[in-house]
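Asker: Sequence and predicted model, in that order:
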Amino acid sequence: MLHFIYKLGGDSVRKVTNINNGWLFEINGSTQIVDLPHSFNASDGTTPDYIRTKCFYTKELAPSDMNTFLLVEGANSVAEVYADGKVINTHRGGYSAFVTDLTPYIKDGCTLKISVDNSDFEDVYPSTADFTFWGGLYRNVSLIETEKCHFSFSDFSSCGVYATPKKTDGAWTLDVKCLVDNMPDGATIRYTLFDGDNSIFAQSDSEKTEITLDCGSPILWNGIKNPYLYTLVCEVMENENVLDSVSQRVGFRTIEIDAERGFFLNGEHIKLRGVSRHQDRENMGNAITEKEHLEDLSLILELGANSVRLAHYQQNRYFYDLCDEKGVLVWAEAPVISSFSELKQDNAKQQLTELVKQNYNHPCIFCWGIENEITQNKKNSKSKALIPCMKELNSLVKSLDKTRFTTCAQLSILDQSSKLNSITDILGYNHYFGWYDFGFDFLNKWLDSFHADYPNVRLCLSEYGAEGLVNLHSATPVQGDYSEEYQCRFHEEYIKAISSRDWLWGSYVWNMFDFGASNRREGGVIGKNNKGLATYDRKIKKDSFYLYKAYWSDEPFTHICGTRFKNRKAGSYDVKVYSNKESVTLTVNGREYTQSGSKVFLFRDIEIAKGENELSADGHTIIINGADETDKSYSIPRESSFVRNWEKKSEEEQKSYLSPESTIKELVNSKDAHIMVEGKLGRDKLSSPLWKLIYPMKIKTALKFMQRLGYTKNDCLLLSEYTYAIHK
């Protein structure tokens, strides 16, 4: 099924045919028949050496006398289209749609072949990222048949219609621009705007391809409160015959973001309560259907989120449609990520242009992201071309869309005074204090320091999170233990910091769902990033999910934490309950404990007896088994629980790198570390006799005492950075 970007209106002769079924798939000499969407990495994409190669999809097409176009909605990452063995189109970029004109080749039918290659290309983004580069034709493929006159696909495979709502002196207009191929002399375009009841709200017939519709006082698209949508139908007319038509949904809304007052939708202050989302699923990769997209958004809405960051690439247009319908504000971005390359600049411009033009009409989108953590590769980030190239991307987006904000997400360690921070309209920082470095309490210090030093910067927290494995548990969780309980503790501190600062216009949990990341080996798990609030298969909502529901959702609920922490040593425990109610009554083996509070209710010293213990609160019940010892499977060996540098490809490489668990003595005795840290911090500090006093101390502990040794906050950040980036 195709969606609103190509949805028909009126009595158009345009015909859209889904051709997902029955493709001959060839890879590495083997063949099979497959249906789309399809990813050839569905079973191996969470393994270190998943397949990255060229494959082929072949299908016989019937003859057609009409103008015929092939729409491929997603092929990762370089695709070639063949007609009867001849290459007729190439697309470089794995996340945007592309259209190929088949008209000259299909009059007598033809053999259609599409090659897809997910290898690393030096001129295509991305090359390095913390997610799997799934290969295949993983979205819908369709044929679009039109008359000679039709709305054009030539503008970066957009639908050929751009609608721009504007408010002037209290009244609304809708600027409409149409691109039409082969429009006959004397033909007109009928522009009709329908309201939510399918009644005509505004209409005009014109020979012009650009007009302005007067819309007066429309019902506003008001986010989750009232995501009211109008439908614009543009029809090319000749003697009252419809030659072609395109339908687009439109929303009228205003957005303001102020560095001190925060985010305003239609003049009303709201906090963007956001999550980030990767699109892949366990054993499916990116080859998911509408069912999975709908389930994802349903879980996001259940959480109480009102915004989503679609990281780190253009996602399925159906998901943008759903966000339009449900009022979820979207941060959309292109995959310019991690490792800057001037060789990829043309491709960055192409993918950004496709992102904007193909999704221009979605009212849910409020900003375009031009890059994410582009300075992660330290060598490439020193390129003199970096700043000019990022400025070029920002200027490009502003030329394509003057109505939305540009944004970027910076690596935590990036200096606050970096010129990169003054390029886009609004700014995000990705912080993992309390997971990769420092403690989570450092977030408050960083936010207040940044806002004091740069009060005019419109800042959000674009990523933050900690791994939480549903099989790992602890009554005394600590940083780096990968337990579900530490993930909760981490998020409790972050959500308090975020909620207390109105000037922080939004925040985005990393991540809503666990996702495939083939280069990760952490917490005893290979090939996955487990920072999600829900598991990879979406079957388990982690305890941290309910923390956000307590803060964000209006639906009354109560959740007892520790459902999966079932087999414990009998004794006294603190029991945590998340709820958006004003008071909670916890019943333990028939005995009641009542507590008033907000969001997080901590019942201390609850006795867990030997045998089965029933705990219930407002209809939620869990069972804890009291035993002689806590189940040892709930923890992993200490040496395997370090928060590793996930960018390294092998365990041997990882072992040669310092981690937060390394000692200060290891740091000082490391030749490379000594040279690099001494060069940044100065020989006098590194040679101080005070270092020897803390030789046995772990780096993660020592960071908390840095200022006692005469270090500044920036010194701490530098040492933290080198902890993860240098050899022993």
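Answerer: The structure has been received and is ready for your questions.
Asker: Got the confidence number for the spatially closest residue to Arg458 that is not a sequence neighbour?
Answerer: Excluding the flanking residues, the one nearest Arg458 by CB to CB, 6 or more residues apart in numbering is Ile426, at 4.4 Å. No exception for glycine: its C-beta is placed from N, CA and C like everyone else's. On pLDDT, Ile426 comes in at 98.
Asker: Got the phi and psi for Ile426?
Answerer: For Ile426, the backbone dihedrals (degrees, to the nearest 10) come out as phi -130, psi 160.
Asker: Now for it: which residues touch it?
Answerer: By CB atoms under 8 Å, 6 or more residues apart in numbering, Ile426 lies in contact with 257, 367, 405-407, 458-460, 505.
Asker: Top of those residues by number of neighbours, please.
Answerer: Thr407 (28 neighbours; other CB atoms under 10 Å).
Asker: Need the three-state assignment for that residue.
Answerer: Three-state assignment for Thr407 (DSSP: H, G, I helix; E, B strand; the rest coil): strand.
Asker: Dig out what it forms beta bridges with.
Answerer: When assigned by DSSP bridges, Thr407 has beta-bridge partners Gly369.
Asker: so how far is Val336 from it?
Answerer: According to CB to CB, to the nearest Å, Thr407 stands 12 Å off from Val336.
Asker: got any residues that touch both of these two?
Answerer: Common neighbours of Thr407 and Val336 (CB under 8 Å, 6+ apart) are Ile370.
Asker: So for the spatially most central residue of the chain, what's the nearest residue that isn't a sequence neighbour?
Answerer: Centroid-nearest residue in the chain: Ala311, 2.4 Å away (criterion: CA atoms, centre = their mean). Spatial nearest neighbour of Ala311, chain neighbours left out: Ser276 (4.7 Å); criterion: CB to CB, 6+ apart.
Asker: Give me the neighbour count for the one you found.
Answerer: Using other CB under 10 Å, Ser276 has 25 other residues around it.
Asker: Pretty sure it sits in a helix.
Answerer: No - assigned with three-state DSSP, Ser276 falls outside any helix and is strand.
Asker: Tell me where the stretch 401-550 of the chain has strands.
Answerer: Along the stretch 401-550 of the chain, counting by DSSP state E, counting those that start in this stretch, strands occupy 405-411, 427-430, 459-463, 506-509, 515-522, 525-529.
Asker: out of the ones you listed, which comes closest to Asp574?
Answerer: Among those, strand 506-509 comes nearest to Asp574, with 24.4 Å by CB to CB.
Asker: model confidence over that closest one, on average?
Answerer: On average, strand 506-509 scores 98.
Asker: Restricting to C-alpha, output it in CSV.
Answerer: The C-alpha trace of strand 506-509 is given here as CSV (Å, rounded to 0.1, in the frame of the first residue of the first chain):
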residue,chain,number,x,y,z
GLY,A,506,13.1,19.0,24.9
SER,A,507,14.8,15.7,25.5
TYR,A,508,15.1,12.4,23.7
VAL,A,509,15.6,9.1,25.5
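Asker: and that strand, what other elements does it pack with?
Answerer: With contacts taken as 3 or more CB pairs under 8 Å, 6 or more residues apart in numbering; DSSP states H and E, strand 506-509 sits against strand 272-277, strand 307-310, strand 459-463, helix 484-499.
Asker: Report the angle between the third one and strand 272-277.
Answerer: For strand 459-463 and strand 272-277, the angle between their directions (axes from the mean of the first three to the mean of the last three CA atoms, to 10 degrees) works out to 30 degrees.
Asker: which helices and strands does strand 459-463 pack with?
Answerer: Packed against strand 459-463, as judged by 3+ CB pairs under 8 Å, 6+ apart, are the following elements: strand 405-411, strand 427-430, helix 442-453, strand 506-509.
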